[in-house]
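**Student:** mind looking at a prediction? Sequence and model below.
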Amino acid sequence: MSSEVSEIDGIEGVLVKPLLWRTDQRGSLMELVRSDDPDLMVAPFGQVYCTTLYPGVVKGWHKHTTQWDRMACVHGRVMLGLVDDRPDSPTYGHSQRVFMGDRNAFVARIPPGVWHGLKNIGEHEAFVVNVPSVAYDRAAPDEIRVAAHGVVDFDWSRVDR
């Protein structure tokens, strides 16, 4: 099942796919990324890692030149911020917010050239699992990093409607 979901205008190549919990009397299981899922396997994966964020913390911004990311919040609640920085993309300059975690089980596929960052919007430490397309190369990382505030045009503040 594939579904592109966005809070603001969607970004070309970004896929936000619902995840399903399978529960029985023993507990629950949720598949994040399967090698036979064509929506998520646009590129192979190089490693799997987990990053955490304390309440209110923003980890961002960064983008990659060749690496794809596949992120899911498995504990807590985060806002994934995305800004398309690919001049040849039909959504160049567009931003997107994805709310994921305990109450919104999604995996987000993020193509190269899209700025992305995370903000913990919950009350407890959040855990995010990433399945990037390549293993992290400490000697020559495929990433460009900038400050969380003031560089990329994105507002991390809460929006009350």
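**Tutor:** Okay, I see it. Computed from a prediction, not measured in an experiment: that's the story for all the values here.
**Student:** strands of the chain, start to end?
**Tutor:** Counting by DSSP state E, the chain has strands at residues 15-18, 21-24, 27-30, 49-53, 58-63, 69-75, 77-84, 95-101, 106-110, 114-120, 126-130, 144-145.
**Student:** let me have the ones you listed in TSV, extended by mean neighbour count, mean pLDDT and distance to residue 41.
**Tutor:** For the C-beta atoms, the positions are set from N, CA and C on the backbone; glycine is no exception. Below are the strands of the chain laid out as TSV (neighbours: other Cβ atoms under 10 Å; pLDDT from 0 to 100; distance: least, Cβ to Cβ, whole Å):
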stretch	mean neighbour count	mean pLDDT	distance to residue 41
strand 15-18	20	92	11
strand 21-24	9	90	21
strand 27-30	10	89	18
strand 49-53	13	96	18
strand 58-63	20	95	21
strand 69-75	22	96	9
strand 77-84	24	96	20
strand 95-101	21	95	20
strand 106-110	23	95	10
strand 114-120	24	97	18
strand 126-130	20	96	15
strand 144-145	12	95	25
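**Student:** for the residue sitting nearest the centre point of the chain, give the beta-bridge partners.
**Tutor:** The centre of the chain sits closest to residue 71, judged by Cα atoms, centre = their mean, with a distance of 4.2 Å. Beta-bridge partners for residue 71, by DSSP bridges, are residue 108, residue 130.
**Student:** isn't it right next to residue 114, touching?
**Tutor:** No - using Cβ atoms under 8 Å, residue 71 is not in contact with residue 114, being 11.8 Å away.
**Student:** CA-only coordinates of stretch 92-111, as CSV, when you get a sec.
**Tutor:** Extracted C-alpha coordinates of stretch 92-111, given in CSV (Å, rounded to 0.1, in the frame of the first residue of the first chain):
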residue,chain,number,x,y,z
TYR,A,92,12.2,23.3,-6.0
GLY,A,93,11.9,25.6,-2.9
HIS,A,94,8.9,23.8,-1.5
SER,A,95,8.7,22.8,2.1
GLN,A,96,6.9,19.9,3.7
ARG,A,97,6.1,18.9,7.3
VAL,A,98,5.6,15.3,8.3
PHE,A,99,4.4,14.5,11.8
MET,A,100,5.3,10.9,12.8
GLY,A,101,5.7,8.7,15.8
ASP,A,102,3.5,7.1,18.4
ARG,A,103,0.2,8.3,16.9
ASN,A,104,1.3,8.5,13.3
ALA,A,105,3.2,5.5,12.1
PHE,A,106,4.9,6.5,8.8
VAL,A,107,8.2,5.8,7.0
ALA,A,108,9.5,8.8,5.0
ARG,A,109,11.6,8.2,1.9
ILE,A,110,13.8,11.2,1.3
PRO,A,111,15.7,11.7,-2.0
